[in-house]
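Asks: How does the following fold in three dimensions:
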Amino acid sequence: SHELRTPLTVIKGYVELLGKNQASEPTKTAEYYERIAHEIERMQSLINDLLLIAELEDQAPVAPEIINFSRDVSHLSNDLKTLQPMRPIETNIEPGILINISHNYAQQMLANIFSNLRRHTPEDSQVLINLVSSGNKAVMTISDAGSGLPEEVYKSGIQYFQRFDRSRSRESGGSGLGMTIMKRIIENANGLIELRKSQFGGLEIKITLPISRD
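Replies: Sure thing, here's the model as predicted:
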């Protein structure tokens, strides 16, 4: 509720200024409208994430599909290399790993991970992407050389609606619900997500999901 009230307060303030003609200069008027638009987008992002969480909590989840997880991880890895060519990226992706999950949810989960890498780690910091099969499990680890997370997070794991760094999500336009969404998607697919310090001193995300043999 606090995260929704904050942009509403900003929007209300600028609307009042515009209504009182306190933005007589065209440049000021444009600036106020730009701030209002930014806060509306932030609210929309938060509401969309809350709706997704509600959908994930539904007793009738979206039917899973058999997807080529290796291919999806490879596509996002290649996107990261293209968008941030200065970043040293090492990949070890075993081909042909299939998992049983909603493809839309898998895309959302991976998009959250790679978006966090782009937004919250320096563009020249190292990333290691590893995806292998281990018995009947697919194991993906993504390690970065960013600032990592507070030590207590590695001990307690992901708690619902937890924001690890409140200012970070506000500055980048995120809702702060990405980890909650990822955790619920993975749990719905009978998987597990773990957070720990990476070999580079940043964050390592380990995701384990059942392999589909169909």
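Asks: Figure out how far the one helix or strand residue 37 maps to is from the centre of its chain.
Replies: Using DSSP states H and E, the element containing residue 37 is helix 26-56. Relative to the mean C-alpha coordinate of its chain, helix 26-56 is positioned 17 Å out (Cα atoms, centre = their mean, to the nearest Å).
Asks: how about the helices in the protein?
Replies: 2-19, 26-56, 69-83, 103-120, 151-156, 166-172, 178-188 (DSSP state H).
Asks: what's the spacing between stretch 136-147 and its chain's center?
Replies: The answer for stretch 136-147 is 14 Å, by Cα atoms, centre = their mean.
Asks: Between the helices of the chain, which has the poorest mean confidence score?
Replies: Here the helices of the chain differ in mean pLDDT, and the lowest is helix 166-172 at a mean of 45.
Asks: returning to that earlier point: and the helices of the chain: which comes nearest residue 200?
Replies: Residue 200 lies closest to helix 103-120 among the helices of the chain, at 12.4 Å (Cβ to Cβ). All C-beta spots, glycine's among them, are computed from the backbone N, C-alpha and C.
Asks: That closest one - contacts with which helices or strands?
Replies: strand 65-68, helix 69-83, strand 137-144, helix 166-172, helix 178-188 (3 or more Cβ pairs under 8 Å, 6 or more residues apart in numbering; DSSP states H and E).
Asks: before we move on, back to that, out of the helices of the chain, nearest to residue 137?
Replies: Here helix 69-83 is closest among these (Cβ to Cβ), at 11.5 Å.
Asks: Also compute the angle for that closest one relative to strand 137-144, please.
Replies: In terms of direction (axes from the mean of the first three to the mean of the last three Cα atoms, to 10 degrees), helix 69-83 departs from strand 137-144 by 10 degrees.
Asks: From the contact counts, what lies against helix 69-83?
Replies: strand 89-93, helix 103-120, strand 127-134, strand 137-144.
Asks: try 10 Å
Replies: Helix 69-83 makes packing contacts with strand 89-93, strand 98-101, helix 103-120, strand 127-134, strand 137-144 when contacts are defined by 3 or more Cβ pairs under 10 Å, 6 or more residues apart in numbering; DSSP states H and E.
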